[in-house]
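[1] Here is a sequence together with a model predicted from it:
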Amino acid sequence: MKTRMLISILILVLAVLIISEGCATEKKVTKRDYRFISGTWLNEDYNSRLFNAKLIMHPDGKFDRYNRTSDSGIKEYGYYTIIDKWKDSESNIWYKMHIWQGEVVEGHPSMYELDKFSDSGKVWEWIILRGDFPTEIDENHPWYHIYYRQ
């Protein structure tokens, strides 16, 4: 009788551990997140503005920036690392990223970025700051960006 009770408790504990591990992995950053972000992102309105009009995000954590959507020559390159991720109640995917313009200096990102991807994965909004992560996406912020997946 005691053996059955002990086995039942052990099975219950293992089931709880397995379920909780499954829930925790939903928040863990994986290669799939880098593949999700990768691709060509455009904003035609930025062709005549300060912001880059075309970004190509690579799944290895590298990015290329272009002045205009029609450009084929890279303006600059850099690297990104996803630090955190979550989903909101509308199924948008959020990331916090460290950004390096040019070469990576370990432990010293150039910028801190808060990113929001629409649930469809076709719209990417973000704000980038020096020193610390933005706390919200505000369309009126001077460093607010929006891009559309090509």
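    Alright, I've got the coordinates. A quick note: this is a predicted structure, and the numbers were derived from the prediction, not measured.

[2] Name the residues linked to the residue minimising distance to the centre of the chain by a beta bridge.
    In the chain, the centroid-proximal residue (Cα atoms, centre = their mean) is Tyr95; its distance is 3.8 Å. Note on Tyr95: beta-bridge partners Lys85, Asp115, judged by DSSP bridges.

[3] That one contacts Asp84, doesn't it?
    Yes: counting by Cβ atoms under 8 Å, Tyr95 sits close enough to Asp84 to count as a contact (6.9 Å). For glycine as for every other residue, the C-beta is placed from the backbone atoms N, C-alpha and C.

[4] about what we covered before: give me the pLDDT for the residue nearest to the centre of the chain.
    The model reports Tyr95 with a pLDDT of 98.

[5] Could you check how far it is from Arg65?
    For Tyr95, the distance to Arg65 under the criterion Cβ to Cβ, to the nearest Å works out to 18 Å.

[6] and what of Pro142?
    Counting by Cβ to Cβ, the gap between Pro142 and Arg65 amounts to 18 Å.

[7] ok, these two, which is more surrounded?
    Each of Pro142 and Arg65 has its neighbours counted (other Cβ atoms under 10 Å); Arg65 has more, 17 against 7.

[8] The more buried one: which element?
    Applying DSSP states H and E as the criterion places Arg65 in strand 62-66.

[9] Show me what that strand is packed against.
    With contacts defined as 3 or more Cβ pairs under 8 Å, 6 or more residues apart in numbering; DSSP states H and E, strand 62-66 has these neighbours: strand 54-57, strand 76-87.

[10] Before I go, just wanted to say thanks for your time.
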